[in-house]
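Undergrad: I'd like to go over a predicted model; first the sequence, then the structure.
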Amino acid sequence: MGGTLTDVIWILVVVIVLAALAAAALAARRFLLERGGGTVECGLRRPGGRWHLGVASYQRDELHWYRALGVLLRPSTSLPRRSLQVVSRREPEPPEEHVLGPSRVIVELGADPPSHVELAMSEQALTGFLAWLEASPPGSHLQDIT
């Protein structure tokens, strides 16, 4: 009886240690993603798909999006700034608000080649996103001139 109880305690300790290590790994990943600055919490949904929570990072010419619970430091999705256009803006529906959290705004983006994606973020993050979308560094699109 005493041996079984000891085994259960050890298994419980191992589970707790593994959970703590996983939480530390996620926190370290989030720290590494945010250290470059220009990151916001952002949900992403492709047409016909479901919402995924994550972090968007503003790069020079691309918006990089990372899953919240991913392990890779490589973006799950990259959206080129030059081809993005805001198609519409709306408030989340009640089921979406349950997934995304309160005070989110959803924007539908169109891109070249034709593809759509929706982003959900706070009003303040949307203001920053729209400013980033409209502004680009001087000379960043010189390669497009023929």
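TA: Great, that's in hand. Numbers count the residues shown, from 1 in each chain.
Undergrad: please name every helix or strand in contact with the longest helix along the chain.
TA: If you go by DSSP state H, the chain has its longest helix at helix 2-34. Helix 2-34 is packed against strand 52-58, with contacts defined by 3 or more C-beta pairs under 8 Å, 6 or more residues apart in numbering; DSSP states H and E. Placement of C-beta: from N, CA and C, glycine included.
Undergrad: what's next to the strand it packs on, contact-wise?
TA: If you take C-beta atoms under 8 Å, 6 or more residues apart in numbering as the criterion, strand 52-58 is touched by 30, 33-34, 36, 38-45, 63-70, 75-76, 99-100, 119, 121, 125, 128-129, 132.
Undergrad: what of stretch 103-116?
TA: The contact list for stretch 103-116, computed with C-beta under 8 Å, 6+ apart, reads 43, 46-47, 79-80, 83-92, 96-97, 100, 117-123, 126, 129.
Undergrad: what about it, how long is it end to end?
TA: End-to-end span of stretch 103-116 (C-alpha to C-alpha, to the nearest Å): 23 Å.
Undergrad: cool, and stretch 78-95?
TA: Using C-alpha to C-alpha, the two ends of stretch 78-95 sit 27 Å apart.
Undergrad: which residues belonging to it are considered buried?
TA: Leu79, Arg81, Leu84, Pro92 (16 or more other C-beta atoms under 10 Å).
Undergrad: helix or strand with the lowest mean pLDDT in the protein?
TA: helix 2-34 (a mean of 81; mean pLDDT, DSSP states H and E).
Undergrad: the host helix or strand of His64: partners in the sheet, and parallel or antiparallel?
TA: Under the criterion of DSSP states H and E, His64 resides in strand 62-67. In the sheet containing strand 62-67, its partner strands are strand 52-58 (antiparallel), strand 77-80 (antiparallel), by DSSP bridges.
Undergrad: thinking again about what came up before, now the angle from the longest helix of the chain to strand 52-58?
TA: Inter-element angle recorded for helix 2-34 and strand 52-58: 30 degrees (by axes from the mean of the first three to the mean of the last three C-alpha atoms, to 10 degrees).
Undergrad: who are the packing partners of the helix or strand following helix 2-34?
TA: Toward the C-terminus, helix 2-34 is succeeded by strand 39-45 as the next helix or strand (DSSP H and E). When contacts are defined as 3+ C-beta pairs under 8 Å, 6+ apart, strand 39-45 packs onto strand 52-58, strand 115-121, helix 123-134.
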